[in-house]
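> sequence? don't have it. structure:
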């Protein structure tokens, strides 16, 4: 037990040191090191970092390999418990609830998934276990608009759904490890991230329109149906997750 706790504290300290060190040594124009993305994810889930026997955070392909996704600029860092709920539960929303319309380019598809399903707000896309770049460098205005809108309207259903998922893990036979403290802390982190992401997206929309005008116009055609889709998803999942929360996770649509 002491060895595991020592290892967990070491992981947190290494994560903090990696973030501080990377920002101190890397020029702003350089790609963000893996250690910063993974380190931030670890620090915002401290209880999971200290208690889990698994890695605290994992690299998640936004467009999965089975759907033709690559390892380049196509992953985000998710905590392992959330990753399990999105990609290892019975309904696997990360693979089964892809954008309902095959419209727009891959970045627009990524924006839909990140905003609709990934908690918080993700400013960077990473190479798989590699460096990351700000989305403002590559995304067009329509893509930034979709990402921001989806992250805002889906914020309530994602927070309620993640809490209900913890209740479901508690009720499982045998009981699974839960992260209630991190879940409560995560609400604060997620609200701050989405607020900062909204400001970031306003700037990014202007930048994207100026530097990616043709992609902006092309994806504008796909923007309306995807905004409608993520809005309907937000309403439907809010009802489903609220029912699951009030039933102690027993009626959660995704089973462990």
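Yep, that arrived. Quick caveat, the model's predicted, so the values are computed rather than measured.
> what's around residue 245, how many residues?
By other Cβ atoms under 10 Å, 18 other residues sit near residue 245. In this view, the C-beta of every residue, glycine as well, is placed from N, C-alpha and C.
> Can you point out the buried residues in stretch 102-121?
103-104, 106-121 (16 or more other Cβ atoms under 10 Å).
> Quick one: residues contacting the spatially most central residue of the chain.
Per Cα atoms, centre = their mean, the C-alpha nearest to the average position across the chain is that of residue 118, at 2.9 Å. By Cβ atoms under 8 Å, 6 or more residues apart in numbering, the residues touching residue 118 are 60, 76, 78, 86.
> surely the last one meets residue 92?
Yes. Between residue 86 and residue 92 there is a contact at 7.5 Å, judged by Cβ atoms under 8 Å.
> Please say which of those two ends up with more neighbours.
Applying other Cβ under 10 Å to residue 86 and residue 92 shows that residue 86 carries more neighbours, namely 23 against 14.
> do you know how far that one is from residue 64?
Noted for residue 86: a distance of 11 Å to residue 64, by Cβ to Cβ, to the nearest Å.
> what residues do those two have in common as contacts?
What both residue 86 and residue 64 touch, as defined by Cβ under 8 Å, 6+ apart, is the set residue 94.
> part of a strand, is residue 76?
Yes. Assessed with DSSP: H, G, I helix; E, B strand; the rest coil, residue 76 lies in a strand.
> Now go through the buried residues of stretch 102-121 and say which are in helices.
106, 107, 108, 109, 110, 111, 112, 113, 114, 115, 116, 117 (DSSP state H).
> now, among the residues you listed, which is nearest to residue 158?
Minimum distance to residue 158 across these is 7.3 Å, recorded for residue 117 (Cβ to Cβ).
> Would you agree the closest one is in contact with residue 94?
Yes. Residue 117 lies in contact with residue 94 (Cβ under 8 Å); the separation is 6.2 Å.
> okay, and the common contacts of those two?
By Cβ under 8 Å, 6+ apart, residue 117 and residue 94 have these common neighbours: residue 86.
> Identify the residues contacting residue 105.
143, 215, 218, 219.
> still on that earlier bit, could you pull up phi and psi at the residue nearest to the centre of the chain?
Torsion angles at residue 118 (phi, psi; degrees, to the nearest 10) stand at phi -80, psi 120.
> do you know how far it is from residue 62?
Separation of residue 118 from residue 62 (Cβ to Cβ) stands at 8 Å.
> now whichever strand or helix holds residue 186 and helix 106-117, what's the angle there?
Using DSSP states H and E, the element containing residue 186 is helix 180-211. Taking axes from the mean of the first three to the mean of the last three Cα atoms, to 10 degrees, helix 180-211 and helix 106-117 form an angle of 150 degrees between their directions.
> other SSEs contacting the helix or strand following helix 180-211?
Tracing the chain past helix 180-211, the next element assigned as helix or strand by DSSP H and E is helix 213-246. Here helix 213-246 touches helix 106-117, helix 141-153, helix 155-171, helix 180-211, going by 3 or more Cβ pairs under 8 Å, 6 or more residues apart in numbering; DSSP states H and E.
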